[in-house]
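K.L.:
pasted the sequence and its predicted model underneath.
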Amino acid sequence: MAAKSSPPKLDRLRIRADFLRAARGIRQSRGALTLETCPTPEDAAQPDVLRVGFTASRKVGNAVARNRAKRRLRAAAAALLPLYGRPGHDYVLVARTQTLTRPFSALQEDLKAALAAAHKRLEPRADA
């Protein structure tokens, strides 16, 4: 009997260099968020772990609005990244002004579409 694979564990990005590395990677904007992703560096990689970070600039609003936007992104990521994220990758979710007013189900659909598009770009091309 094969062991049941558990969903990957989420770890938080906290170091600025990790956010900058993700910003140089693949970027996908969908609806109310922007997703930046890159492979986790070898020295920080752990099996069955994906790392995630959240950011909101002052364009989103005051501190209360930015914190609310990041809370919404954290909730969406907690629900979807264990299902659709890939271990060994870093993900940064960037809040946009629409993050505050978009219905939560639509926000989740935005994240799911951004993940699918980013993963498609990560895969090696067959014709190359």
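P.N.:
Perfect, I can see it now. Numbering: from 1, shown residues only.
K.L.:
buried set for stretch 103-123?
P.N.:
Neighbour-count burial for stretch 103-123 flags 107, 108, 109, 110, 111, 112, 114, 115, 118, 119 (criterion: 16 or more other CB atoms under 10 Å). Bear in mind the C-beta positions are built from the backbone N, C-alpha and C, glycine included.
K.L.:
now, those that are in helices?
P.N.:
107, 108, 109, 110, 111, 112, 114, 115, 118, 119 (DSSP state H).
K.L.:
would you work out how far apart the start and end of stretch 8-15 are?
P.N.:
Taking CA to CA, to the nearest Å, stretch 8-15 runs 21 Å from one end to the other.
K.L.:
distance from it to the middle of the chain?
P.N.:
10 Å (CA atoms, centre = their mean, to the nearest Å).
K.L.:
what does that stretch contact?
P.N.:
19, 22, 46, 48-53, 77-78, 81-82, 85-87, 90, 92 (CB atoms under 8 Å, 6 or more residues apart in numbering).
K.L.:
mind running it again at 10 Å?
P.N.:
18-19, 21-22, 40, 44, 46-55, 74, 77-78, 81-83, 85-92 (CB atoms under 10 Å, 6 or more residues apart in numbering).
K.L.:
got the contact list for residue 77?
P.N.:
10, 33, 35, 50, 52-54, 85, 91, 93, 108, 111, 115.
K.L.:
so of the residues you listed, which ones are in helices?
P.N.:
Using DSSP H, these in helices are 108, 111, 115.
K.L.:
show me what contacts the second one?
P.N.:
Contacts for residue 111 were tallied using CB under 10 Å, 6+ apart; they are 28, 30-33, 35, 73, 76-77, 79-81, 84-85, 91, 93.
K.L.:
closest to residue 62 among the buried residues of stretch 103-123?
P.N.:
Residue 62 has its nearest neighbour among those in residue 107, at 20.3 Å by CB to CB.
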